[in-house]
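Enquirer: just a sequence and a predicted model for now, questions to come.
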Amino acid sequence: MEFKEYKLNNVAEMKYGKMPEKHRISDNGFPIYTGYKVSGYYPEYMFDEEQVIIVARGVGGTGDVKLSPPKSYITNLSIILEFDKQVCDKHFMQLYLDSLKLRYLDSGSAQSQITINHLKNLKIKIPLLERQKKISMFIKNFDNKILVNNNVIANLEDLSRTLFKRWFVDFEFPDEEGNPYKSSGGVMKQEGDSSIPIDWDIKSLETIMEITSGKRPKSKKDTKEENYTIPIIGASKTMGYTDSYLFDSRILVMGRVGTHGVIQRYITKCWPSDNTLVIHSKYYNFLYEFLNTVDYKSLNRGSTQPLITQNDIKNLKLPLPNNFEKMDRYEHELNPLLNMIFSLKIENNKLSKLRDTLLPKIMSGEIELPDELEVDEHAELLQ
């Protein structure tokens, strides 16, 4: 495979984004993109199409190379690159530049930062344009499949959330004749400020669950290595990997110290850390939806650092049926959706891993792509 060497400023024009006027930022309009996230909306946008940007400064992520959302306003936290279309495919260049791990260009100032001057003389070695397009299209097949899966997951989670609200907030669960209970004349009673079905009561959450705290693992690696494949679960995400597991069952994990309000679901081997709370329940789906409605700021008892105790969660009050048949039915209907969500997430993890494994080999020419190649042709690697 033929490669050509350039300086980045010979194939790309670079400029900083622009800070929007604060008084024009709102909840509507076009996304304001920092390179890290969408931070609001603006009545104007900079480009019709997505742009290659390099995160110039901020907390973490400096040097990451990303594609901005189409029709977005890009702030000065990022450097915008406009490539010579006769030489570069922008989707390939995003993949290629990100693979260079540009964090090493950091100026070393008090705040992590990369400037245009750092990038101008960056030497790049890239294949011919047609090869670039072929590579970016192949990788895009992976990304599109992951996107489709994520959209299905979002739809399934929305369905679960909608059903929970209909049954346990609006009390429109099916009555004995299959009609929505409350709107079909179901008898209600007053309990404090709440109107609930006649055969329900306000109960503590500990009625339907068990709760424990996570533990600190004996050993930890930041990335997966041989024998270190069990995820260590923090208050909001995976914090690393260890060589043994604390749980191998359906559990919900939430933050005890630090971040609150992120409810994580696990059904396979994992190690929740000592800054988490771990919940077991027969009513796994119900609890997941309920815990996502809680105001955790009102529960915080920490002065210097946010803190929630086991008792804070146990003592949460909610309306529950005295006959748990309705909750059993809800779990029965939700379990197939949950299984599909987990299956799609597992598939996405495998697709991402395969994508990241193949990309450097394709970039270097170690793997030659045939004229037509689909993700499905690598299906055996996903097993």
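Expert: Okay, I see it. From a predicted model like this one, the values you see are computed outputs, not experimental measurements. Numbering: from 1, shown residues only.

Enquirer: how about the closest residue to residue 224 other than its chain neighbours, what does it touch?
Expert: In this structure, residue 224 finds its nearest non-sequential neighbour in residue 241, 5.2 Å apart by C-beta to C-beta, 6 or more residues apart in numbering. Quick note: C-beta positions are derived from backbone N, CA and C, even for glycine. For residue 241, the contact set (C-beta atoms under 8 Å, 6 or more residues apart in numbering) comprises 220-225, 228-232.

Enquirer: which ones among these map onto strands?
Expert: Using DSSP state E, the members of the contacts of residue 241 that fall within strands are 230-232.

Enquirer: next, format those as TSV and append neighbour count and distance to residue 297.
Expert: Output for the ones in strands among the contacts of residue 241, formatted as TSV (neighbours: other C-beta atoms under 10 Å; distance: C-beta to C-beta, whole Å):
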residue	neighbour count	distance to residue 297
230	20	32
231	19	27
232	22	26
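
Enquirer: out of these, who's nearest residue 28?
Expert: Closest approach to residue 28 among the ones in strands among the contacts of residue 241 (C-beta to C-beta): residue 231, at 38.3 Å.

Enquirer: show me what that closest one is bridged to.
Expert: residue 241 (DSSP bridges).

Enquirer: per-residue pLDDT of it, please?
Expert: pLDDT, residue 231: 95.

Enquirer: tell me if I'm right that it and residue 268 touch.
Expert: No: the pair residue 231 and residue 268 fails to qualify as a contact (C-beta atoms under 8 Å) at a distance of 9.0 Å.

Enquirer: and residue 239, how far from residue 221?
Expert: In this structure, residue 239 and residue 221 are 11 Å apart, going by C-beta to C-beta, to the nearest Å.

Enquirer: neighbour count winner among these two?
Expert: residue 239 (18 against 15; other C-beta atoms under 10 Å).

Enquirer: gap between the more buried one and residue 291?
Expert: Residue 239 is 20 Å from residue 291, by C-beta to C-beta.

Enquirer: same thing with residue 19?
Expert: In terms of C-beta to C-beta, residue 19 sits 38 Å off from residue 291.

Enquirer: same check on residue 103?
Expert: 36 Å.

Enquirer: neighbour count winner among these two?
Expert: residue 291 (19 against 14).

Enquirer: identify the residues contacting the nearest residue to the more buried one once chain neighbours are set aside.
Expert: Closest residue in space to residue 291, ignoring its immediate chain neighbours: residue 263 at 4.8 Å, by C-beta to C-beta, 6+ apart. Contact partners of residue 263, counting by C-beta under 8 Å, 6+ apart, are 252-254, 288, 291-292.

Enquirer: biggest separation within the residues you listed, which pair?
Expert: 253 and 292 (13.2 Å).

Enquirer: more neighbours, the two?
Expert: residue 253 (23 against 14).

Enquirer: that one in helix, strand or coil?
Expert: strand (DSSP: H, G, I helix; E, B strand; the rest coil).

Enquirer: ok, now how distant is it from residue 301?
Expert: On the measure of C-beta to C-beta, residue 253 and residue 301 end up 20 Å apart.

Enquirer: and the residue positioned nearest the centre of the chain, its phi and psi?
Expert: The residue lying closest to the centre of the chain (C-alpha atoms, centre = their mean) is residue 237, at 9.1 Å. With angles defined as degrees, to the nearest 10, residue 237 sits at phi -170, psi 180.

Enquirer: kindly report the same for residue 12.
Expert: According to degrees, to the nearest 10, residue 12 has phi -150, psi 140.

Enquirer: who's in contact with it?
Expert: Counting by C-beta under 8 Å, 6+ apart, the residues that residue 12 touches are 81-84, 88, 93.

Enquirer: now do the domain split for this structure, please.
Expert: Annotated domains of the chain cover 3-127, 154-336 [automatic domain parsing].

Enquirer: by mean pLDDT, show me the worst of these.
Expert: Averaging pLDDT over each of those puts domain 3-127 lowest, since it has a mean of 90.

Enquirer: start to end distance for it?
Expert: 4 Å (C-alpha to C-alpha, to the nearest Å).

Enquirer: distance from that domain to the middle of the chain?
Expert: 21 Å (C-alpha atoms, centre = their mean, to the nearest Å).

Enquirer: what about residue 278, which SS state?
Expert: Assignment for residue 278 (three-state DSSP): strand.

Enquirer: show me where the stretch 201-350 of the chain has its helices.
Expert: All helices of the stretch 201-350 of the chain, identified by DSSP state H, counting those that start in this stretch, fall at 284-291, 310-314, 325-364.

Enquirer: one step back: let me have the contacts of residue 12 in TSV, extended by neighbour count, distance to residue 46 and secondary structure.
Expert: Listed next are the contacts of residue 12 as TSV, based on neighbours: other C-beta atoms under 10 Å; distance: C-beta to C-beta, whole Å; DSSP: H, G, I helix; E, B strand; the rest coil:
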residue	neighbour count	distance to residue 46	secondary structure
81	24	13	strand
82	14	11	strand
83	18	16	strand
84	12	19	coil
88	22	20	coil
93	22	18	helix
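
Enquirer: columns distance to residue 6 on top of those, output as a markdown table?
Expert: Putting those into a markdown table (distance: C-beta to C-beta, whole Å) gives the following:
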| residue | distance to residue 6 |
| --- | --- |
| 81 | 13 |
| 82 | 15 |
| 83 | 11 |
| 84 | 9 |
| 88 | 9 |
| 93 | 11 |
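
Enquirer: so what's the gap between stretch 149-161 and the chain middle?
Expert: With C-alpha atoms, centre = their mean, you get 13 Å for stretch 149-161.
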